[in-house]
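> okay, predicted coordinates and the sequence, questions at the end:
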Amino acid sequence: MTMTIPASVTGSAQTGFTSPTYTLTVDQSPSVSSKQGAVTALGGTQTGARISAASDPFTITVGRPAVLKVLPPFNSSLGVLQRVPKNVYKVITRKGMIPAANQVSQIGLIRTEISIPAGADAYDAANVRAALSLHIGYLLQLSAGVGDTATSGLL
């Protein structure tokens with residue numbers, strides 16, 4: 001399965017939220033090499049959470065490089081690849097957040113950037129997948145802890 005924008009997402013555990021779900025509507029993405037969804041409905045208990053609005057966005061964008069990089073020609077005199085380019089894939093969540101009473105919403109950003117050496121996708125796919133499995137599993141398993149740290153400042 002490729003990176004897509006599903007119709008709904010089951011949220012991960014967060015302190016004070018019970019069974020959070022998010023209904024997404026396909027939105028205009030910022031580039032032709034990305035896809036975007038806007039949160040148009042909330043489910044479960046998420047007291048105080050807001051859906052997407054023009055001045056208070058709640059979106060998720062997934063993207064790939066506009067042009068995929070490939071390995072450069074092999075330098076036979078040195079016996080090594082001198083420069084290995086990286087293909088960067090991104091997941092960006094934008095959410096309007098109000099910083100204080102009677103203030104306008106400001107945009108908070110959450111970014112995951114996946115930088116894969118060109119060629120590793122074909123030659124070492126198992127280890128590309130292992131790195132992603134650990135990274136995403138860590139975020140899922142420790143979602144509430146990450147949320148607690150982001151709101152308390154405590155590790």
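Done, it's in. Because the structure is predicted, anything quoted here is derived from the model rather than measured. Residues are numbered from 1 along each chain as shown.
> so who does the residue nearest to the spatial centre of the chain touch?
Nearest to the geometric centre of the chain sits Val91, at 2.6 Å (C-alpha atoms, centre = their mean). Listed by C-beta atoms under 8 Å, 6 or more residues apart in numbering, the contact set of Val91 reads 3, 60-62, 111-112, 114. For the C-beta atoms, the positions are set from N, CA and C on the backbone; glycine is no exception.
> buried among these? Make that a PyMOL selection.
Selecting the buried subset of these in PyMOL, with 16 or more other C-beta atoms under 10 Å as the burial test, is done by:
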select buried, resi 60+61+62+114
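> so which of the contacts of Val91 belong to strands?
Among the contacts of Val91, the members falling in strands (DSSP state E) are 60-62, 111-112, 114.
> take those and write them to JSON lines, including distance to Ser52 and pLDDT.
JSON lines is the format used below for the ones in strands among the contacts of Val91 (distance: C-beta to C-beta, whole Å; pLDDT from 0 to 100):
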{"residue": "Ile60", "distance to Ser52": "10", "pLDDT": "96"}
{"residue": "Thr61", "distance to Ser52": "12", "pLDDT": "96"}
{"residue": "Val62", "distance to Ser52": "16", "pLDDT": "94"}
{"residue": "Arg111", "distance to Ser52": "18", "pLDDT": "96"}
{"residue": "Thr112", "distance to Ser52": "20", "pLDDT": "96"}
{"residue": "Ile114", "distance to Ser52": "24", "pLDDT": "96"}
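> and the gap between the closest residue to Ser33 other than its chain neighbours and Ser34?
Closest residue to Ser33 apart from its sequence neighbours, by C-beta to C-beta, 6 or more residues apart in numbering: Ala66 at 4.5 Å. Separation of Ala66 from Ser34 (C-beta to C-beta, to the nearest Å) stands at 9 Å.
> between those two, which one's more packed in?
It is Ser34, of Ala66 and Ser34, that has more neighbours when counted by other C-beta atoms under 10 Å, with 18 against 9.
> now the strand or helix carrying the residue nearest to the centre of the chain: buried residues?
Take DSSP states H and E as the rule and Val91 turns out to sit in strand 86-97. For strand 86-97, the neighbour count (16+ other C-beta under 10 Å) marks 87, 89-92, 94-96 as buried.
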